[in-house]
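Asks: this is a predicted model, with the sequence first.
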Amino acid sequence: MAKPVTPKKKQRALVVGLGRSGVAAVKLLVKKGYKVTVTDELNKTDLKDSLDALESIEFKAELGKHVLKTFSDQDLIVVSPGVRLDIKPLQHAEKAGVPIISEVELAAQYISEPIIAVTGTNGKSTTASLIAEMIRLGGKSVFLGGNIGTALSEYPLRREKADFVVVEVSSFQLDTCRQFKPHVAVVLNVAPDHLDRYTGFDAYAASKARIQNNMTEEDYLIFNHRDAKLTSLLAGTRAKVLHFTSEPLARMDPAVAEKFQGAYLGAPHMLQLKAARWKDHAYPVSESLLRGIHNRENMLAAVLAAKLAGISNESIHKALVTFKPLPHRMEFVGRKNQVYFYNDSKGTNVHSLMRSLESFNEPVILIAGGRDKGEDYGPLAPSIRRHVKNLILVGEAKEKLNRAIGDFSETFLVGTFEEAVYLAYQKSRSGDVILLSPGCASQDMFKNFEERGNYFKKIVSTF
C-alpha cells in the first residue's frame, strides 16, 4: 500500500474532469483536508448530475474551459481517465512540478485491504465481476469498482470495509499511477486499442504493464501464458507469477508443461488447476452462460485470483456455472423467428470483435462500425470470411472498414444505426445470429457503448 498524501495544511488539489471518478475524487479529497478545485470543459448544464451529487461538498468549480494558471497553482492534480494527458494545461503543470495522478492512485493510498486489480485490452469487466462473485459465494465481503461501475474513491469513504477490493483498471488510469500496488494483478491480454490516444501499440502495451511496477515477491501476477507481448513486458516482475492459457498442456512442449503453474483449458468445457500451492483440480463448465474461448480465458484467470483469495473450489465452481454475461458483452438479447440476437456493444476494438466472432458456429450477420480509434482492420479478414454471412457497416469508420474487409462477405453500408439493425433482420433466416459487435468506439452516434447497446436492444424488442 502506498503512503497516503496527507496535507499538512489546507493543500490545494485540482480534479480534472467531473465524471463519475471525478465526483468521487472530490468527495475523498475534501474528506482528507484538501482545498479542492474542479475544472471541466463542459458547462454547468452538461454537468448537472455531477454537480447535484456534490451539492453538500465545498469546492470551487471552473467550468466551460480550462484555466492555465489554475493547473500550475496546485499541490496535487487528479486527472479523470477520459482526459487526454497531452493537453496544454496538464503539460504546463507537469513542467511546474505538480504531481499528476489518477483517481485510482488517489483512492489506493487510503486502502489497507488486499487489492485484486484486473487490466487488459478485453474482458476486464467480466473477469473482475466474476472474481467478485466467487469471493461473495465464498462467504467473504468484497468491493467491486474502478473502471467498472463504482469509482474506487468511493471505497475509502465507506464505514463498512470489505475483505477484498477488486478493481478494474484501464490503461488511461495506469498512465498516471505512480505507487499503485495491488496484492494480486491480472493482465488478461494486450492487443491494439486506443491508438488515437497513444503513439503506437508498444506505448499502449507498456501502459498495461505498469500495473506490476510496484509489486514485490509478496504479491502475485497472473497473465496469459500464450501472449508473447505480455511475456516480454512482464519478464522482469518481482511478483510471483501464475499463468492461464486456453492451450491444453498436452499440446505444450513437455518441459514447458512440466513447469507450468496456473490454470489451463483441459477440454472445451473443463478448466484445470495445476499449481504447487494447491491440489490439482478440474472445474466442469459445460453449463456456463459465458460463450467463447475468450470467456474461457477470463474464467481461468478468475479461478486463479479467487484461489489466491482463499475461496473454496465449490464456491468457485458455483460462480463459474451461474455467472451471467454482463450487459453489452456478448449479451444474449433474445430470439425472434429462430434468429438469435447478441449485443456486444462493448466490443470496441479489432481483437474483441475477432474473439466474439469465434464464439459462433452459426451464420453471423454482423453490425459493425462507429468511431475509428486508429486500428488496422485488416486482421479481421479471416474471421469475416469464416463466420460472417452479411456485413453491415455504419458510422464514421464504415468506409475504412469496407476497404479493409468489405470483400470477404456480402457487405452493405448504411446511413443510420436503425437502418443497420432493420437490414440485418431483413437479411436473416432461421438459425442465423445477428451480432452487434462494432469494433469501434460509439461516440460518433452515441454518448457511450451502453447507450448504443441499449438502443440496439430497444429496436430488437420491436421485431
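Replies: Good, I have the coordinates.

Asks: look up how far residue 105 lies from the residue most central in space within the chain.
Replies: Centroid-nearest residue in the chain: residue 124, 3.9 Å away (criterion: CA atoms, centre = their mean). Distance, residue 124 to residue 105, using CB to CB, to the nearest Å: 18 Å. Bear in mind the C-beta positions are built from the backbone N, C-alpha and C, glycine included.

Asks: how about the strands in the stretch 151-300 of the chain?
Replies: Assigned by DSSP state E, counting those that start in this stretch, the strands in the stretch 151-300 of the chain fall at 164-168, 184-187, 220-224, 240-245, 262-267, 270-275, 278-284.

Asks: which one, of the ones you listed, ends up nearest to residue 395?
Replies: strand 164-168 (26.1 Å; CB to CB).

Asks: give me the contacts around the host helix or strand of residue 24.
Replies: Following DSSP states H and E, one finds residue 24 within helix 20-31. Helix 20-31 is contacted from outside by 13, 15-16, 18, 36, 38, 40, 50, 53-54, 57-59, 78, 80-81, 103-104, 106-107, 110, 150-154, 156-157, using CB atoms under 8 Å, 6 or more residues apart in numbering.

Asks: same check, this time on stretch 330-344
Replies: Contacts of stretch 330-344 (CB under 8 Å, 6+ apart): 290-292, 295, 325, 327-329, 352, 356, 359, 362, 425, 428-437, 453, 456-457, 460-461, 463.

Asks: could you rerun that using 6 Å?
Replies: The contact list for stretch 330-344 (CB atoms under 6 Å, 6 or more residues apart in numbering) reads 291, 325, 328, 356, 428, 430, 432-437, 453, 456-457, 460, 463.

Asks: per-residue pLDDT, the closest residue to residue 321 other than its chain neighbours?
Replies: In space, and not counting its chain neighbours, residue 321 is closest to residue 287: 4.4 Å by CB to CB, 6 or more residues apart in numbering. pLDDT recorded at residue 287 is 94.

Asks: how close does residue 287 sit to residue 317?
Replies: Taken as CB to CB, the span from residue 287 to residue 317 is 10 Å.

Asks: cool, and residue 271?
Replies: 9 Å.

Asks: then residue 408?
Replies: To residue 317, residue 408 is 40 Å away according to CB to CB.

Asks: pick out whichever of those two has more residues nearby.
Replies: residue 317 (19 against 16; other CB atoms under 10 Å).

Asks: OK, contacts around the more buried one?
Replies: Going by CB under 6 Å, 6+ apart, residue 317 touches residue 283.

Asks: tell me which element it falls in.
Replies: Per DSSP H and E: helix 313-322 holds residue 317.

Asks: can you give me the buried ones in that helix?
Replies: Neighbour-count burial for helix 313-322 flags 313, 315, 316, 317, 319, 320 (criterion: 16 or more other CB atoms under 10 Å).

Asks: tell me the first helix or strand C-terminal of it.
Replies: Sequence order places strand 331-336 as the next helix or strand after helix 313-322, per DSSP H and E.

Asks: tabulate the CA atom coordinates of that next one in CSV.
Replies: The C-alpha trace of strand 331-336 is given here as CSV (Å, rounded to 0.1, in the frame of the first residue of the first chain):
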residue,chain,number,x,y,z
GLU,A,331,-25.3,-10.4,-24.1
PHE,A,332,-28.0,-12.6,-25.4
VAL,A,333,-30.9,-10.3,-26.2
GLY,A,334,-33.4,-12.8,-27.5
ARG,A,335,-34.7,-14.9,-30.3
LYS,A,336,-37.2,-13.8,-33.0
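
Asks: next one: it to chain centre, how far?
Replies: 23 Å (CA atoms, centre = their mean, to the nearest Å).

Asks: how about that strand: buried residues?
Replies: Neighbour-count burial for strand 331-336, counted by 16+ other CB under 10 Å, picks out 331, 333.

Asks: next one: stretch 189-208
Replies: 189-195, 197-198, 201, 204-208.

Asks: and stretch 68-85, by the same measure?
Replies: Neighbour-count burial for stretch 68-85 flags 70, 71, 72, 74, 75, 76, 77, 78, 79, 80, 81, 83 (criterion: 16+ other CB under 10 Å).

Asks: now stretch 430-445
Replies: For stretch 430-445, a neighbour-count test (16+ other CB under 10 Å) marks 432-442, 444-445 as buried.

Asks: would you work out how far apart the start and end of it are?
Replies: Stretch 430-445 has an end-to-end distance of 30 Å (CA to CA, to the nearest Å).

Asks: likewise for stretch 209-228?
Replies: Using CA to CA, the end-to-end distance of stretch 209-228 comes to 13 Å.

Asks: same question, stretch 199-213
Replies: Stretch 199-213 has an end-to-end distance of 21 Å (criterion: CA to CA).

Asks: quick one: terminal-to-terminal distance for stretch 354-367?
Replies: The straight-line separation of the ends of stretch 354-367 (CA to CA) is 13 Å.

Asks: got the contact list for residue 420?
Replies: Residue 420 sits in contact with 367, 392, 394, 414, where contact means CB under 6 Å, 6+ apart.

Asks: pull the number of nearby residues for residue 261.
Replies: Using other CB under 10 Å, residue 261 is surrounded by 15 other residues.

Asks: ok, now the one 4 residues further on?
Replies: Residue 265 has 21 neighbours, counted by other CB under 10 Å.

Asks: begin at 7, not 1, for the rest of this chat.
Replies: In the new count, where the first residue is 7, that last one comes out as residue 271.

Asks: and the pLDDT for it?
Replies: Note for residue 271: predicted pLDDT of 96.

Asks: tell me the contacts of it?
Replies: Residues near residue 271 by CB under 6 Å, 6+ apart: 252, 302.

Asks: how close does it sit to residue 174?
Replies: Residue 271 is 23 Å from residue 174, by CB to CB.

Asks: run through the helices of the stretch 307-456 of the chain in chain order.
Replies: 319-328, 356-363, 387-393, 404-411, 423-433, 455-466 (DSSP state H, counting those that start in this stretch).

Asks: reformat those helices as JSON lines; add distance to residue 38 and mean pLDDT.
Replies: Converted to JSON lines, the helices of the stretch 307-456 of the chain look like this (distance: least, CB to CB, whole Å; pLDDT from 0 to 100):
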{"stretch": "helix 319-328", "distance to residue 38": "35", "mean pLDDT": "98"}
{"stretch": "helix 356-363", "distance to residue 38": "38", "mean pLDDT": "96"}
{"stretch": "helix 387-393", "distance to residue 38": "49", "mean pLDDT": "97"}
{"stretch": "helix 404-411", "distance to residue 38": "46", "mean pLDDT": "98"}
{"stretch": "helix 423-433", "distance to residue 38": "44", "mean pLDDT": "98"}
{"stretch": "helix 455-466", "distance to residue 38": "31", "mean pLDDT": "98"}
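
Asks: point out the most buried one among these.
Replies: Across the helices of the stretch 307-456 of the chain, averaging neighbours per residue (mean count of other CB atoms under 10 Å) puts helix 356-363 on top, at a mean of 24.

Asks: angle of that one against helix 404-411?
Replies: Helix 356-363 runs at 70 degrees relative to helix 404-411, counting by axes from the mean of the first three to the mean of the last three CA atoms, to 10 degrees.

Asks: residues contacting helix 356-363, please?
Replies: 127-128, 197, 300, 350, 353, 381, 385-386, 389, 393, 443, 445.
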